[in-house]
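Student: turn this into a model:
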Amino acid sequence: HNLLCHYSRENFGKAFEALKGNKASGIDGTTKQGYGENLEENLNLLVERIHKGTYRPSPKKRVFIPKSNGKPRPIAISTFEDKLVEWVTAKCLNSIYDSSFIRTSFGFRVGKSAHDAIETCYQSLKKGKRSSRRLRTTRDSRLDWALHTCLTTGFSASTIPTCTPFQVSKSRRVFPRSFI
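Tutor: Coordinates of the predicted model:
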């Protein structure tokens with residue numbers, strides 16, 4: 001099955017309409033408005049480069065934004081054209097894989113966030129609910145302690161070391177599937 005058919009003029013047109021014009025520009029300085037001045041030609045050339053295999057994403061523009069604790073947080077800003085490709089790729093992969101995730105999977109999913117995951121964990125702990133699947137390890141009480149500590153302290157830097165009281169083996173599943 002070839003996913004290349006999804007990189008079409010039509011889908012890039014949808015991406016162009018969906019992307020906001022007020023976002024920061026990448027290293028090339030191109031904005032949505034600037035890209036749109038010659039939209040048809042730009043999109044046709046993009047599709048052609050992707051189908052020929054000559055498209056290469058541009059380096060990201062690195063910017064530091066201030067955090068509430070005073071430390072800067074680095075972010076990477078894509079060029080507008082790369083944002084188009086990323087949008088189409090995300091839509092394509094979401095349509096393929098999203099239906100295979102369980103309802104309690106929150107990471108990088110449309111309409112789900114880390115705040116939703118924390119709220120779900122909090123509500124489950126508050127109601128005393130536990131996963132119906134048991135852990136496949138004898139470390140249940142230590143994992144319960146680690147999760148409780150992490151959730152009640154808000155994952156602060158001082159508590160992260162206490163949230164990993166045991167070494168995780170790559171060959172074993174430590175978390176039940178409902179946590180992944």
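
Student: and the helix ranked longest in the chain, what does it pack onto?
Tutor: In the chain, with assignment by DSSP state H, the single longest helix is helix 80-97. Secondary-structure packing of helix 80-97 (3 or more C-beta pairs under 8 Å, 6 or more residues apart in numbering; DSSP states H and E): helix 9-18, helix 32-36, helix 39-52. Backbone N, C-alpha and C define where each C-beta goes, glycine included.

Student: what sits against residue 57?
Tutor: 78, 79, 82, 85 (C-beta atoms under 8 Å, 6 or more residues apart in numbering).

Student: and if we set it to 7 Å?
Tutor: Contacts for residue 57 (C-beta atoms under 7 Å, 6 or more residues apart in numbering) come out as 82, 85.

Student: so it versus residue 93, what's the distance?
Tutor: Counting by C-beta to C-beta, to the nearest Å, the separation of residue 57 from residue 93 is 16 Å.

Student: what does the longest helix of the chain contact?
Tutor: Contacts to helix 80-97, defined as C-beta under 7 Å, 6+ apart, come from residues 3, 6-7, 11-12, 15-16, 18-19, 25-26, 30-32, 35, 46, 57-58, 78, 110.

Student: could you report the neighbour count for the closest residue to residue 98 other than its chain neighbours?
Tutor: Nearest residue to residue 98 in three dimensions, chain neighbours excluded: residue 109, at 6.5 Å (C-beta to C-beta, 6 or more residues apart in numbering). Other residues lying near residue 109 total 13 when counted by other C-beta atoms under 10 Å.

Student: what helix or strand is the spatially most central residue of the chain on?
Tutor: Nearest to the mean C-alpha position of the chain, by C-alpha atoms, centre = their mean, lies residue 108 at 3.2 Å. In the assignment (DSSP states H and E), residue 108 maps to no helix and no strand.

Student: swap in residue 76?
Tutor: Taking DSSP H and E as the definition, residue 76 sits inside strand 72-77.

Student: packing partners for that strand?
Tutor: Contact here means 3 or more C-beta pairs under 7 Å, 6 or more residues apart in numbering; DSSP states H and E; on that basis strand 72-77 packs against strand 61-66.

Student: residues contacting the strand it packs on, please?
Tutor: Contacts of strand 61-66 with the rest of the structure, by C-beta under 7 Å, 6+ apart, involve 26, 27, 72, 73, 74, 75, 76, 77.
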